[in-house]
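K.L.:
Here you go, sequence then predicted model.
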Amino acid sequence: MADNNGNDMGKQADERVPTVVADGVDIVYRVNGTGAGRGSATAALNRILRGRKAEKAAGVRRVHAVRNVSFVAYRGEAIGLIGTNGSGKSTLLKAVAGLLPVENGRIYTDGQPSLLGVNAALMNDLTGERNVHLGGLAMGMSRAQIKERYQEIVDFSGINDKGDFITLPMRTYSSGMAARLRFSIAAAKDHDVLLVDEALATGDRSFQKRSEERIRELRRHAGTVFLVSHSNKSIRDTCDRVLWLERGELRMDGPTDEVLKEYEKFTGGPDRAAKPKPAAKPAPKTKTAA
Ligand SMILES: Nc1ncnc2c1ncn2[C@@H]1O[C@H](COP(=O)(O)OP(=O)(O)OP(=O)(O)O)[C@@H](O)[C@H]1O
């Protein structure tokens, strides 16, 4: 049993395998064309040649999205990333995926992280079927593996539940359907580090449940899963640890229940998704004027 000094925790940590280490990470966006010299060739040249000093003069605004964030993630963990809008969750996830440079600090990863965002790019003009193949190849699966998993992916996505949609271009899908397909493709592979950005929020409840189960499975297969979500319920059901970001700073890192308790105090109560849904009631009767 763990004592209050956390001795047991220390022992456990020694046995665990770190998969992501963030060490004092700062991430800064630069937004061009916000002031004088906007868009001019001289301003662009200035930015290239004179670097940081000239940034301000050339109208470059810096947005400091993540500030001095450090944590260690271990194999087999599912970690929720929470925080109010604009607190830096997606930015941090992109940096862990290697898609954004860090300004200061370092991010080390063991294995290949894969970012699965609602915006993860598939080709809108191609059919769902072609996208399953493309997505699979992009994740490093062989053609034979994709063929073998194809039906499983389509079934999991539920895209064909209401007709033969998988042979239609993705642009004809609703946003929820597209998100489901993206998640299904990504979830077909066992990832070293899987980064999920709000993908569960768009699906309906039964799809969310399947996805949560798949996340638990991925964990069992020794990967690490990060899940960004505004649904405290999804976080509770899927994650055993939570990182809470606020204004780019890591405000809390700990067991899900502890962190969510503080977060809910901060935001003024549990989110709507966490509350039991009232049974669907017929709309209140409005007396129609005869
Ligand atoms: N491409 C960008 N260029 C400039 N600033 C950006 C860019 N993307 C995000 N930001 C800024 O970085 C900060 C963090 O944004 P981020 O999208 O990481 O927050 P988030 O916690 O994921 O928000 P949400 O819950 O609303 O999705 C915000 O202030 C945002 O305005």
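P.N.:
Now that the structure is in, tell me what you want to look at.
K.L.:
near the ligand at all, stretch 185-201?
P.N.:
No: using C-beta under 6 Å from any ligand atom, stretch 185-201 never reaches the ligand; the gap is at least 7.0 Å. Quick note: C-beta positions are derived from backbone N, CA and C, even for glycine.
K.L.:
Bridging across strands, which residues link to the spatially most central residue of the chain?
P.N.:
Residue closest to the mean C-alpha point of the chain, counted by C-alpha atoms, centre = their mean, is Asp197 at 2.0 Å. Beta-bridge pairing for Asp197 (DSSP bridges): Gly117, Val228.
K.L.:
what does stretch 135-150 contact?
P.N.:
With contact meaning C-beta atoms under 8 Å, 6 or more residues apart in numbering, stretch 135-150 is reached by Gln112, Ser114, Leu122, Val132, His133, Ile153, Arg182, Ile185, Ala186, Ala188, Lys189.
K.L.:
hmm, I was thinking of stretch 204-218
P.N.:
Here stretch 204-218 has contacts from 78, 156, 158, 176, 180, 183, 187, 190-191, 194, 196, 199-200, 203, 225, 227, 234, 237-238, using C-beta under 8 Å, 6+ apart.
K.L.:
Spell out which parts of this structure neighbour the ligand.
P.N.:
So the chain meets the ligand at Tyr29, Val31, Val63, Ala65, Gly83, Asn85, Gly86, Ser87, Gly88, Lys89, Ser90, Thr91 (C-beta under 6 Å from any ligand atom).
K.L.:
please redo it, this time with the cut-off set to 8 Å
P.N.:
For the chain, the residues in contact with the ligand (C-beta under 8 Å from any ligand atom) are 29-31, 63, 65-66, 81, 83-94, 197-198, 228, 230, 245, 248.
K.L.:
Any stretches of the protein with poor pLDDT?
P.N.:
The model of the chain has pLDDT under 70 over residues 1-14, 33-40, 42-58, 117-121, 199-203, 222, 271-290.
K.L.:
Which stretches in it count as helices?
P.N.:
7-15, 41-57, 89-96, 128-138, 143-157, 175-187, 199-202, 205-220, 232-238, 256-267 (DSSP state H).
K.L.:
So which bits of the last one are buried?
P.N.:
Of the residues in helix 256-267, those with enough neighbours to count as buried (16 or more other C-beta atoms under 10 Å) are Thr256, Val259, Leu260, Tyr263.
K.L.:
what sits opposite the closest residue to Arg241 other than its chain neighbours in the beta ladder?
P.N.:
Ranked by C-beta to C-beta, 6 or more residues apart in numbering and with sequence neighbours excluded, the top spatial neighbour of Arg241 is Ile79, at 4.9 Å. Per DSSP bridges, the residues bridged to Ile79 are Phe226, Arg241.
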